[in-house]
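1. Quick one, fold the following:
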Amino acid sequence: MSNESEQKKTIYELKVPEGQQEAIRLDVYITSFIENATRNKVQEAIKEGYVWVNGKKEKSSYKMMPGDEIYIELPKAPPPEAKPEELDLNIIHEDDDIIVVNKEAGMVVHPAFGNWSGTLVNGLMHHVDELAGEEEEENIRPGIVHRLDKDTSGILVVAKTNEALANLSAKFAEKDIERTYWAIVWGTPPKEGTIEGDIGRSKQDRKLMTVLPEGKGKHAVTHYKVLEYFDYLSLVEVKLETGRTHQIRVHFNHIGHQVFGDPTYGGASVRYGPNTGQRKVMFHRLITGLNRQALHAKTLGFEHPSTGDMVRFDSELPEDFQHVLDTLREKCSAAY
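-> Okay, here's the model as predicted:
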């Protein structure tokens, strides 16, 4: 098979673990493993003959058994071209090599499945003549050095030149950068600490990340210190030693101090405090008003790719995060 034809297909190979007890439908099993897949799309792929189980084609209703091997070969449609769009961006620094942006919550960093427009990349392509890698065919993330989750706000550096992109990408890979996050978490963790635990996909829900036994996931280390304590909540500053998917949210969920408002990892319900009364009502209102996890990329420091000087940038807290913080300071002050 030629390299050209290989590039036009997306291939997945799955195997049902021997220890699995529950019989699960083929379509349900595949949907849980493939990111952004929907059950309707999976059923369509099975019907069109893109899925094999143990070398044979089966129906969507086929019940998976321990040891079953699934092979999926999907035609790969070329991604839509990333196009410039006039968007309101909060740019806090720009020079010939880099752009530093304070990303708002709700904005996706680059085009991807389900978000082909309205992303940070779309806005930056309108703002500048060219981003690093923009000339490459099918590149839908030009200039992007690192990412933030859609509903995490805060500071990002973007490369304008290929040289800057290579330089900064290497620094992130070597962890030769300084970055801090602020988060509001449930409960009152110790004044400072380090959370260690391998991170990988959950066996129960493949779209979620979780802490796995040592050696079963990617090594992850999170350092934190408490900046302020409140009744039943804390403001923490977080420094990442590694950069795994959802690392802060997964690690704090693992130690029972979920990020406030996080709907994915248990922070969107009242975790600590009274089960009734005005305090609980206030927490619910704050969660509803925030409508995301209270997590903000606060600072970023690195050696400038052109000058070699150490540069550091700080970003203001967004209004929704600041409102929660102000309310807690007014109504939930705690003496520790």
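2. quick one, phi/psi of the residue of the chain most remote from its centre?
-> Distance to the chain centre peaks in the chain at K56, reaching 36.1 Å (criterion: C-alpha atoms, centre = their mean). In terms of degrees, to the nearest 10, the main-chain angles of K56 are phi -120, psi 160.
3. where does the protein dip in pLDDT?
-> 1-8, 19-21, 35-36, 76-80, 113-114, 137-138, 275-276, 334-336 (pLDDT under 70).
4. quick one: the helices in it?
-> 3-7, 26-33, 39-47, 120-127, 162-173, 247-254, 278-290, 319-331 (DSSP state H).
5. what pairs with the residue farthest from the centre of the chain across the strands?
-> V53 (DSSP bridges).
6. ok, now how distant is it from I184?
-> 52 Å (C-beta to C-beta, to the nearest Å). Where you see a C-beta, it was placed from the backbone N, CA and C, and this is true even at glycine.
7. can you check V51 too?
-> From V51 to I184 the distance is 44 Å (C-beta to C-beta).
8. Same check on E48?
-> E48 is 47 Å from I184, by C-beta to C-beta.
9. Which one's more surrounded, those two?
-> Higher neighbour count among E48 and I184: I184, with 24 against 10, using other C-beta atoms under 10 Å.
10. OK, contacts around that one?
-> Residues in contact with I184 (C-beta atoms under 8 Å, 6 or more residues apart in numbering) are 233-236, 259-261, 294, 321, 324-325, 328.
11. Show the residue spans covered by the strands in the stretch 51-200 of the chain.
-> For the stretch 51-200 of the chain, the strands defined by DSSP state E, counting those that start in this stretch cover 51-53, 63-64, 69-75, 91-94, 98-103, 153-159, 178-186, 192-196, 198-201.
12. Quick check: can you name the pairing partners of the second one and their directions?
-> For strand 63-64, the pairing partners within the sheet under DSSP bridges are strand 24-25 (antiparallel).
13. Only alpha carbons, please: show stretch 162-170 as CSV.
-> Taking C-alpha atoms only, stretch 162-170 is exported to CSV below (Å, rounded to 0.1, in the frame of the first residue of the first chain):
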residue,chain,number,x,y,z
ASN,A,162,9.1,29.1,11.9
GLU,A,163,12.3,29.7,13.8
ALA,A,164,10.4,31.0,16.9
LEU,A,165,8.0,28.0,16.7
ALA,A,166,10.9,25.5,16.7
ASN,A,167,12.7,27.3,19.5
LEU,A,168,9.6,27.6,21.8
SER,A,169,8.4,24.1,21.0
ALA,A,170,11.8,22.7,22.1
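14. Please report how far the residue positioned nearest the centre of the chain lies from V259.
-> By C-alpha atoms, centre = their mean, the chain has its centre lying nearest to D149, at 3.6 Å. Applying C-beta to C-beta, the value for D149 to V259 is 11 Å.
15. Could you tell me which residues touch both of those two?
-> By C-beta under 8 Å, 6+ apart, the residues touching both D149 and V259 are 249, 293, 295.
16. May I see those residues arranged in TSV, with distance to A170 as well?
-> Below are those laid out as TSV (distance: C-beta to C-beta, whole Å):
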residue	distance to A170
R249	27
Q293	30
L295	26
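17. before we move on, the earlier item: could the helices of the chain be laid out in JSON lines, adding distance to D198 and mean neighbour count?
-> Output for the helices of the chain, formatted as JSON lines (distance: least, C-beta to C-beta, whole Å; neighbours: other C-beta atoms under 10 Å):
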{"stretch": "helix 3-7", "distance to D198": "31", "mean neighbour count": "8"}
{"stretch": "helix 26-33", "distance to D198": "19", "mean neighbour count": "20"}
{"stretch": "helix 39-47", "distance to D198": "29", "mean neighbour count": "17"}
{"stretch": "helix 120-127", "distance to D198": "30", "mean neighbour count": "21"}
{"stretch": "helix 162-173", "distance to D198": "19", "mean neighbour count": "17"}
{"stretch": "helix 247-254", "distance to D198": "10", "mean neighbour count": "24"}
{"stretch": "helix 278-290", "distance to D198": "30", "mean neighbour count": "15"}
{"stretch": "helix 319-331", "distance to D198": "29", "mean neighbour count": "16"}
